[in-house]
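Asks: coords please:
(chains A and B)
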Amino acid sequence: MPETRTRQTLLVDAKVDAEIRRHGEETYPHECCGALVGTGNRVTATVALPNTTEEGPRRRFMVRPSDYRVAEQKAGELGGDLLGFYHSHPDHPARPSQYDLDHAWPTFAYIIVAVASGKSEAMTVWYLKEDRSAFDEGELNGN
Amino acid sequence: MATKILIPTPLRPFTDKKDAVEAEGKTVGELLADLTAKHSGLKAHLYSAEGKLRSFVNIYVNDEDIRYLQKEQTPIKAGDTVSIIPSVAGGAQTAEAPATLPDLTRDEIKRYSRHLILPEVGMEGQRKLKAAKVLCIGAGGLGSPVAMYLAAAGVGTIGIVDFDVVDFSNLQRQILHATPDVGRPKLTSAKEKLLAMNPHVDVVTHDAALSSENALELFAPYDIIVDGTDNFPTRYLVNDACVLLGKPNAYGSIFRFEGQASVFATKDGPCYRCLYPEPPPPGLVPSCAEGGVLGVLPGVIGCIQATETIKLIIGGGEPLIGRFLIFDALRMKFRELKLRKDPDCPVCGTHPTVKTLIDYELFCGIHPTAPEPTPSGMTEITSVELKKRLDRGDVLTIVDVREPHEYQINRIHGSLLIPLGDIAKRYVELDPSDEIIMQCKVGGRSAKAADFLRSKGFTKVLNLKGGILDWIDKVDPSQPKY
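Replies: This is a model prediction of the structure:
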């Protein structure tokens, strides 16, 4: 369970960092989304997923249950666990929205990458508090 | 009978890290109740505060989503496997959907269920309605259906501006008020009716006559203004204040059998002045008190205003922006005129000349001072004076310029009926050497008729101040009023 006293740390391989940024830039001005695969607190691979939202992909993303199943399956094939998901905020800060909070799952790491005018900027990671009241910001690669 | 439930990764910390657990129940609902009883940490993540399964929680029985089966009533058979599968959703904040929308209580969800099952409204739309603040100008013919339907629909804050008391003549159309309310302030009876209908809404009363001094302050806390006024100065005032504050005006007006509706003063849409840059000359368009109105007409037009208000709040459909709807109740026909934003409009155009609220009485040609007196120095006579002169035997010709159907309701004994529209061809029946008293319902039409006679050389013409209504109040209460 997430510790509330100290910030959780998520380690992200350079390859993963680059993949998330590239995905966000490719789909700009729409949001991208994908799964984070690894072990413990280390993300070693990503699984890019289609954004199936019906509410406008500039401001929303949605991973269907069928794609969620694909992600869990791929995680197994890659020899890891499903650690969480990433998505981009086009022209918007890398901070979770109320909408993110309303739809968040516990224990998952949520990486948000800000993409401003097509160029990726800040990347942050967030964990849902156990009482669902808010997110705790984690530390990415100890930064 | 124990049924296997597959648990997704993020929920495994609540099931002792197991990816599958067992629970009992004959339906999905019972099964999940047993599951959350055994693993209490799951409940907050599966169910909302209102006790509904969260929208991003998907329950599958074998390979079927229960949404396409019988939802939580889906029966469980021996050997079924139930899976909890997440949808993962999120996204940046939208400006249009603020995160601070209020939640609905259990009672509200029950009350608004017929809205909630409309995809175009849904929970989000209903929460927008709850967050919305709408100001109704007037609690009369139009204000009644507008406020009642907005309250019923769950518009969270409904403001009403009015300063009038309920009169018997209001009851034929102003359905917020009932017979026992006669003599009470309209605001009092309006608030009672609306809260009785829906105690979940907040009714804010503003006991004031809308004016250039108070309009901007009154409108400021509201999102949408609904114009239900019955006169031109207030109509222009409401329009200009809406444009200056950037608040939409759900407009409606009624007269006899004809009504109009539109949505003015939205960001890119036209305003009332784009349609009517100048008011009509005073007296040209009679008020409902003078011209009459079909009682159900404000019901039709008010419902259109309420519909447009709700559409503006939930953001759906095609609002009545840039379209001017005209309804003819006698022919039962709607016509629609295209309306464009006028770039030269003095209020909402590209170079506006009206930048603050002005004197709208003056703008509409209504002067607070009396009209120019005739050479004799007298233009009016009061009911009491007229009675005194009749009693002492003065010979006076009383000309009633109302319509025949009004004359049937009440009249001054011995008066001669010449409707205003006929006066130009029938004035020759009158003798300029006689003393003539012109009379109508409240004094407006007869003043015009008196001016006409003077223009034809009549010098001994007086207008009965306050018309037949004042006569009945002060002299002859035995007659009915309308």
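
Asks: Give the burial count for the residue of chain A found nearest chain B, as a bare number.
Replies: Going by C-beta to the nearest C-beta, chain B is nearest to residue A:98 of chain A, at 2.9 Å. Any C-beta I mention is one placed from the backbone N, CA and C, and that applies to glycine too. Neighbour count of residue A:98, defined by other C-beta atoms under 10 Å in any protein chain shown: 13.

Asks: Quick check: the gap between it and residue A:129.
Replies: For residue A:98, the distance to residue A:129 (C-beta to C-beta, to the nearest Å) stands at 14 Å.

Asks: just residue B:469 next, same as before
Replies: Separation of residue B:469 from residue A:129 (C-beta to C-beta): 69 Å.

Asks: In its sheet, which strands sit next to the host helix or strand of residue B:60, and in what direction?
Replies: Using DSSP states H and E, residue B:60 maps to strand B:57-61. Paired strands of strand B:57-61, with direction, are strand B:64-65 (antiparallel), strand B:81-86 (antiparallel) (DSSP bridges).

Asks: okay, the ones you listed, which one's buried deepest?
Replies: The highest mean neighbour count among the strands paired with strand B:57-61, using mean count of other C-beta atoms under 10 Å in any protein chain shown, belongs to strand B:81-86: a mean of 20.

Asks: and the spatially most central residue of chain A, what helix or strand is that in?
Replies: Taking C-alpha atoms, centre = their mean, the centroid of chain A lies closest to residue A:86, which sits 1.8 Å from it. Secondary structure from DSSP H and E places residue A:86 in strand A:81-90.

Asks: coming back round to it: how close does the residue nearest to the centre of chain A sit to residue B:87?
Replies: 16 Å.

Asks: Model confidence score at the nearest residue to residue B:350 once chain neighbours are set aside, please.
Replies: The shortest distance from residue B:350 to any non-neighbouring residue, by C-beta to C-beta, 6 or more residues apart in numbering or on different chains, is to residue B:343 (5.0 Å). Looking at residue B:343, its pLDDT stands at 88.

Asks: Isn't residue B:343 up against residue B:274?
Replies: No: the pair residue B:343 / residue B:274 is not scored as a contact, 9.3 Å apart, by C-beta atoms under 8 Å.

Asks: In the chain, where is pLDDT below threshold?
Replies: With no chain named, the answer covers chain A. A:1-6, A:55-56, A:142-143 (pLDDT under 70).

Asks: not what I meant, chain B
Replies: Applying pLDDT under 70 to chain B flags residues B:93-99, B:283-284, B:366-377.

Asks: Rebuild the strands paired with strand B:57-61 as TSV, extending it with distance to residue B:44.
Replies: Formatted as TSV, the strands paired with strand B:57-61 follow (distance: least, C-beta to C-beta, whole Å):
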stretch	distance to residue B:44
strand B:64-65	22
strand B:81-86	14
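
Asks: With residue A:110 as the reference, name the closest of the ones you listed.
Replies: Proximity to residue A:110, assessed across the strands paired with strand B:57-61 by C-beta to C-beta, is greatest for strand B:81-86 (12.5 Å).

Asks: neighbours around the residue nearest to residue B:350, how many?
Replies: The tally of other residues near residue B:343 (other C-beta under 10 Å) stands at 10.

Asks: Quick one: end-to-end length of stretch B:21-36, please.
Replies: Taking C-alpha to C-alpha, to the nearest Å, the first and last residues of stretch B:21-36 lie 11 Å apart.

Asks: quick one: buried residues of it?
Replies: Residues of stretch B:21-36 classed as buried: B:21, B:23, B:25, B:27-36 (neighbour count, 16 or more other C-beta atoms under 10 Å in any protein chain shown).

Asks: Kindly report the same for stretch B:279-299.
Replies: Per 16+ other C-beta under 10 Å, stretch B:279-299 contains these buried residues: B:279, B:286, B:287, B:288, B:290, B:292, B:293, B:294, B:297, B:298, B:299.

Asks: Now the fifth one: which helix or strand?
Replies: Just to be clear, that refers to residue B:290. In this assignment (DSSP H and E), residue B:290 forms part of helix B:288-291.

Asks: which helices and strands sit right next to that helix?
Replies: Judged by 3 or more C-beta pairs under 8 Å, 6 or more residues apart in numbering or on different chains; DSSP states H and E, the packing partners of helix B:288-291 are strand B:249-255.

Asks: residues contacting the spatially closest residue to residue B:443 that is not a sequence neighbour?
Replies: Leaving aside its sequence neighbours, residue B:443 sits nearest to residue B:467 (C-beta to C-beta, 6+ apart; 4.5 Å). Taking C-beta atoms under 8 Å, 6 or more residues apart in numbering or on different chains as the criterion, residue B:467 is in contact with B:439, B:440, B:441, B:442, B:443, B:444, B:446.
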